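>>> here is my input; please provide its structure:
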Amino acid sequence: MAIAMQEKPSVCLIITMLGQFSIRYGETALKLERNNNTRAMQALQMLLYSGAQGLSRAVLMDRLYGRDERVTDPANNLKVTISNLRKRLAQAGLPGTTIQFSGGSYRWQSSLPTEVDVDCFYRQAEAALAETGPGREEALQRACALYAGDFLPHLQGEEWAVAVAVHCRELYGRCVRTLTDLLRTRGANAEVLTVATRAAALCPQEEWDALRIESLLALGHYQEAKAVYEETVTRLDETFGVKPSEQLVETLRKLEQVSPERAVSMEQLQTVLVEDAILHGAYYCPFPSFIDTYRAVGRMLERSGQSAYLMLCWLTDRQGRPLEDRDRLAKAIPQVSAAIQIALRRGDAYTQPCAGRFLILLMGITRENCTLVSNRIDARFRATSDRVRGIVLHYKSAPVGGPGCVQIMGAAPGWK
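Reported below is the predicted structural model:
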């Protein structure tokens, strides 16, 4: 790949591939094509990434035209593409810059010093991870700073670009883990939070959110830690339809167990416990919290003699089959959730244990009234102007503490 210069001359080429694609010549941003997805631009990006090694004619033809059945002569198409690319480079006014062909391979060639950001990231990350001396932390900080996002995100439908993106993301993850381990060892929780927050923005995943929550707890920012947890669980439910991992659930346990030796005041505890705003309708809580709420309600009912019911709501198509279309399911879930929240009272609670399933805790209600509740939810869902058509809601209920609740908490017809 292109070699990064230690001391940049006054005019050089700066190639950005992480988070976006751009070419800067000195202070000027070059625009070779209207967009970065044309065949010529894809060829350019491949050749810039491959550097001095270049790419064979066969590889370029396969990547550019291998899946296009309309192309009957890929060799000729490649010649035309490379010719157009050479013209674009010449028109851009880059001295001594062209696409060279020799030995059956194409290569990027330029008399200008060229710096490719992904190449710089590779070298810095590998050097930082291999470093064992006192400069390791600083080297890891530099490596993490060089990663600015996914490799060529506009080419995420291309196998070669996806493979590189995964490799870069994994290398960045290794640097973040190693760096935050070092920071935690010396108690630098604020720095851990900074690194984890940037990682969560660039590569959203539970691991970085859990690290953010742990850092906030260590800093005593309980309300912020609670907000991060709830945002993460909501994203997992609505985007992926999955439950939080054991690592994330463990952070919730830490959040719920405020250590007494911290000498936390009553006022501080109340800021953690109280709702951020007084909202109408049922209270939504993550599944692990719902389990604790259910158990606490069961104990209170033993003493008060009141009744409560657990209701399961699940989604199917009109034939009663589970929804296999994940896009359709992802659109319907927030609509059903809103219908449940609005149709119920403030004293009721609900959660989403997995995709297409909701558990509802109904306080002070009889079995007969459960049908009234399900009818209200149905009416609210049908009244949604942009609701997904062909979705049918099903219900099953059992008294809290009764034998039927075991089945509802664990399984139901069509449960996946």
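
>>> roughly how far does residue 83 sit from residue 286?
58 Å (Cβ to Cβ, to the nearest Å). In short, each C-beta sits where N, CA and C put it, glycine included.

>>> residue 79 now?
58 Å.

>>> and what of residue 42?
Counting by Cβ to Cβ, the separation of residue 42 from residue 286 is 43 Å.

>>> can you check residue 352 too?
On the measure of Cβ to Cβ, residue 352 and residue 286 end up 9 Å apart.

>>> these two: who's more crowded?
residue 352 (26 against 22; other Cβ atoms under 10 Å).

>>> for the more buried one, what are its contacts?
237, 287, 333, 337, 358-359 (Cβ atoms under 8 Å, 6 or more residues apart in numbering).

>>> just the ones of the residues you listed in strands?
358-359 (DSSP state E).

>>> where does confidence bottom out across the contacts of residue 352?
Ranked by pLDDT, the contacts of residue 352 bottom out at residue 237 (66).

>>> closest to residue 139 out of the contacts of residue 352?
residue 237 (38.4 Å; Cβ to Cβ).

>>> for my notes, confirm residue 368 occurs in a helix.
Yes - the assignment for residue 368 is a helix, going by DSSP: H, G, I helix; E, B strand; the rest coil.

>>> number of residues surrounding it?
7.

>>> identify each buried residue in the longest helix along the chain, please.
Across the chain, the longest stretch assigned as helix under DSSP state H is helix 159-185. Buried positions in helix 159-185, judged by neighbour count with 16 or more other Cβ atoms under 10 Å: 160-161, 164-165, 168-169, 171-176, 178-180, 182-184.

>>> what about it, distance to the chain center?
The chain centre lies 15 Å from the centre of helix 159-185; the measure is Cα atoms, centre = their mean, to the nearest Å.

>>> what average pLDDT does it get?
On average, helix 159-185 scores 94.

>>> against which helices or strands is it packed?
helix 117-130, helix 136-146, helix 189-202, helix 206-218 (3 or more Cβ pairs under 8 Å, 6 or more residues apart in numbering; DSSP states H and E).

>>> apply 7 Å and report the result again.
helix 117-130, helix 136-146, helix 189-202 (3 or more Cβ pairs under 7 Å, 6 or more residues apart in numbering; DSSP states H and E).

>>> could you list the low-pLDDT ranges of the chain?
In the predicted model, the chain carries pLDDT under 70 at residues 1-10, 237-246, 252-279, 385-386, 402-416.

>>> in it, which residue sits furthest out from the middle?
residue 305 (45.3 Å; Cα atoms, centre = their mean).

>>> and which of the contacts of residue 352 is nearest to residue 382?
When the contacts of residue 352 are compared against residue 382 (criterion: Cβ to Cβ), the nearest one is residue 337, at 15.1 Å.

>>> now do the closest one: how many residues are near it, please.
21.

>>> quick one: contacts for it?
Residue 337 makes contact with residue 352, according to Cβ atoms under 7 Å, 6 or more residues apart in numbering.

>>> I'd say residue 350 and residue 342 touch.
No - between residue 350 and residue 342 there is no contact under Cβ atoms under 7 Å: 11.3 Å.

>>> which of those two has more residues huddled nearby?
Using other Cβ under 10 Å as the criterion, residue 350 and residue 342 rank with residue 350 on top: 22 against 15.

>>> report the separation between residue 218 and residue 315.
Distance from residue 218 to residue 315, by Cβ to Cβ: 40 Å.

>>> who's more crowded, these two?
residue 315 (22 against 16).

>>> and that one, its phi and psi?
phi -110, psi 140 (degrees, to the nearest 10).

>>> find the nearest non-adjacent residue to it, please.
Sequence neighbours aside, residue 356 is the residue nearest to residue 315 in space, at 4.5 Å (criterion: Cβ to Cβ, 6 or more residues apart in numbering).

>>> list the contacts of the nearest residue to residue 370 once chain neighbours are set aside.
Nearest-residue entry for residue 370: residue 397, 4.3 Å, with adjacent residues in sequence omitted and distances by Cβ to Cβ, 6+ apart. Contacts here follow Cβ under 7 Å, 6+ apart; on that basis residue 397 touches 309-311, 367, 370.
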